[in-house]
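Student: got a predicted model here, sequence first, then my questions.
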Amino acid sequence: AFVIAELIFGYSANSLALISDAVHNLSDVIALLLAWGGAWLAGRRPTDTHTYGYRRASILAALFNAGLLLIAVGGIAVEAINRFREPAEVASWTVVWVAALGILINGGTALMFMRGRHSDLNVRGAYLHMAADAGVSLGVVVAALLIMATGWQWIDPAISLVIAVVGLISGWELARDSVNLALDAVP
């Protein structure tokens, strides 16, 4: 519900930063569902056709999450570059309030995954997504406040590019770790 509200308010406020945060949050919702599904499959017992069980499902879910995040990053970056060419006026107070709510939701969700992040790559992926989203939402709040203080509309696409870089870094690390685990690389 929050992602849908964030998208609606992002469009109505004309804020690419808020829309970027919503897209990133949507990828996280999908990531959480995949993490849950991967963990559920990993807990299933071996069968005649899957003699090692489904333990690798967790790794595949993490790899898919990384791919999804990297695709979202590409879309955000393209739109941010377009906004530099054609800046739009942003309804900053709307952005501040919606992104502040995002900090609370994402931060609280990250805390739920904090304990298991060291022992399971899938849980670590979900934790990283949520912690990064809380930080991104904070950046969106700061950007909106700066726009209000200065009137510089270019800050909105600039913070969107920062969001893209944060997503690129976390997505790349998760993809690298997932591929290494899937290929039984030396830890």
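Tutor: Alright, I've got the coordinates.

Student: now do the contacts for residue 148.
Tutor: By CB atoms under 8 Å, 6 or more residues apart in numbering, residue 148 lies in contact with 92-93. All C-beta spots, glycine's among them, are computed from the backbone N, C-alpha and C.

Student: could I get the pLDDT score of the closest residue to residue 14 other than its chain neighbours?
Tutor: Once flanking residues are discounted, residue 14 sits nearest to residue 88: 4.6 Å by CB to CB, 6 or more residues apart in numbering. pLDDT, residue 88: 81.

Student: quick one: neighbours of residue 88, just the number.
Tutor: Residue 88 has 12 neighbouring residues, counting by other CB atoms under 10 Å.

Student: can you classify it by secondary structure?
Tutor: coil (DSSP: H, G, I helix; E, B strand; the rest coil).

Student: that one contacts residue 153, correct?
Tutor: Yes - using CB atoms under 8 Å, residue 88 is in contact with residue 153, at 6.7 Å.

Student: SS state for the residue lying farthest from the centre of the chain?
Tutor: Distance from the C-alpha centroid of the chain peaks at residue 48, with 37.5 Å (CA atoms, centre = their mean). Three-state call for residue 48 (three-state DSSP): coil.
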